[in-house]
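> Just need the structure, nothing else, for what follows:
(one chain, ligands or ions: 1)
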Amino acid sequence: MFRLLLVFVFVTNIFAYDVIKGTTFLLKLKNADEKVFKDGVELVKLKHPTKKDSYFVLVPVAYKTKEKTIELLRKNQNNTSTISLHVKDGNYPKETLKVNPKKVKPPKEEENRIYKEYLESKKIYATFTPKRYWKEPFEKPMSSKITSSYGNARVFNGSLKSFHSGTDFRAPTGSVIRVVNDGVVVVASNRYYSGNAIIVDHGEGIYSSYSHLSKIDVKVGQKVSKHEKLGLSGATGRVTGPHLHFSIILQSKKIDPLDFIVKINNLY
Ligand SMILES: [Zn+2]
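Numbering: from 1, shown residues only. Here you go, the predicted model:
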């Protein structure tokens, strides 16, 4: 009897999942009345891309999160249940890189510029565009070999410690870079660390970014369609050589872009 009761409580009220730091948890909702809360705040419900009256929520788990468990409260008219996300460390490898020393210890005269660029990105990523620009599944920006994965613990020039906030694709200078889904260009400029960079707003708190380009072929405010050419790869900014640094920013968090693409495309 006791065991039966335990099973019953588990099945109806508590659900638990393991989530790796830097990845996204996608929760499909059972009906339109359902609401999901985190720390007392209701999460934004997003419309399922193909199923009518169907919704989901996205919970990005920051790479540097200190939370051990994230509790989500799922409520509908007659029922409340708890979803526990057990946050796990990723088995992210270490890598050491040698770059131009100026990109590790920037000269004083560049500090203002770097800070301005940091604030600009922060403001953009915190902007929630309610409109969804995309209709179809996401694609990768290139199909070439991945030379450095998301999450790698990095040491630049033996001193600066950081983590890899995107995925690097092998791309000799001049390779065509394509946008991963429909959106609007919100940044198309040269930046201290990212070099020539493009950021695209896909709506609903989802942004993609493309760094170290040799050529930018789009302008801020321009609408872009999935697979459209954004520019050409290069080796501008803080790099060891030419490649594409690709990232996805979800609700201001730089999460594993390829993991995000797999999860969102699973809706189709
Ligand atoms: Zn990179």
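> Which stretches in the stretch 1-150 of the chain count as strands?
Assigned by DSSP state E, counting those that start in this stretch, the strands in the stretch 1-150 of the chain fall at 14-20, 24-28, 35-38, 41-42, 46-47, 55-60, 69-75, 80-88, 94-97, 146-148.
> right, so those: which one is the most enclosed?
Most buried of the strands of the stretch 1-150 of the chain, by mean neighbour count (mean count of other Cβ atoms under 10 Å): strand 55-60, with a mean of 21. Heads up, the C-betas are built off the backbone N, CA and C, glycines and all.
> Skip the chain neighbours and tell me the closest residue to residue 72.
residue 83 (4.2 Å; Cβ to Cβ, 6 or more residues apart in numbering).
> cool, residue 268 as well?
residue 137 (5.2 Å).
> ok, back up a step: what's across from the residue nearest to residue 72 in the sheet?
Here residue 83 sits in beta bridges with residue 15, residue 72, as judged by DSSP bridges.
> Now do the contacts for it.
Going by Cβ atoms under 8 Å, 6 or more residues apart in numbering, residue 83 touches 14-17, 27, 36, 71-74.
> Work out for me the element the residue in the stretch 151-268 of the chain that the ion sits nearest to sits within.
Of all residues in the stretch 151-268 of the chain, residue 245 sits closest to the ion, at 3.3 Å by Cβ to the ion. Under the criterion of DSSP states H and E, residue 245 resides in strand 243-250.
> what is the rounded mean pLDDT of the helix or strand just after that strand?
Counting by DSSP H and E, the next helix or strand C-terminal to strand 243-250 is strand 253-255. Strand 253-255 shows a mean pLDDT of 97.
> Quick check: can you name the pairing partners of strand 253-255 and their directions?
If you go by DSSP bridges, strand 253-255 pairs up with strand 243-250 (antiparallel).
> Report the buried residues of the partner strand.
243-250 (16 or more other Cβ atoms under 10 Å).
> okay, the angle between the longest strand along the chain and strand 243-250?
For the chain, the strand that runs over the most residues, judged by DSSP state E, is strand 206-216. Orientation of strand 206-216 against strand 243-250 (axes from the mean of the first three to the mean of the last three Cα atoms, to 10 degrees) gives an angle of 160 degrees.
> so where does residue 190 fall, helix or strand?
Residue 190 belongs to strand 183-191 when elements are defined using DSSP H and E.
> for that strand, packing partners?
helix 111-125, strand 195-203, strand 206-216, strand 223-224 (3 or more Cβ pairs under 8 Å, 6 or more residues apart in numbering; DSSP states H and E).
> tell me which residues of that strand are tucked away?
Using 16+ other Cβ under 10 Å as the test for burial, strand 183-191 gives 183-188, 191.
> so which of the strands of the stretch 1-150 of the chain comes closest to residue 132?
Shortest separation from residue 132 across those is recorded for strand 46-47, at 7.4 Å, computed as Cβ to Cβ.
> List of residues touching that closest one?
Contacts with strand 46-47, where a contact means Cβ under 8 Å, 6+ apart, come from 54-58, 132, 204.
> how near is residue 133 to the ion?
As judged by Cβ to the ion, to the nearest Å, residue 133 and the ion stand 25 Å apart.
> For that residue, list the residues it contacts.
Contacts of residue 133 by Cβ under 8 Å, 6+ apart are 181-184, 201-203, 223.
> Quick one: name the residues of this structure near the ion.
166, 168, 245 (Cβ under 5 Å from the ion).
> Walk me through the domains of this protein.
Structural domains assigned to the chain are 11-88, 94-265, following automatic domain parsing.
> gap between the longest one and the chain center?
Yep, that's domain 94-265 we're talking about. Centre-to-centre, domain 94-265 and its host chain are 10 Å apart (Cα atoms, centre = their mean, to the nearest Å).
> give me the element the closest residue to residue 171 other than its chain neighbours is part of.
Leaving aside its chain neighbours, residue 171 sits nearest to residue 233 (3.7 Å; criterion: Cβ to Cβ, 6+ apart). Element membership for residue 233, per DSSP H and E: strand 229-233.
> list the buried ones in that strand?
Those would be 230-233, for strand 229-233 by 16+ other Cβ under 10 Å.
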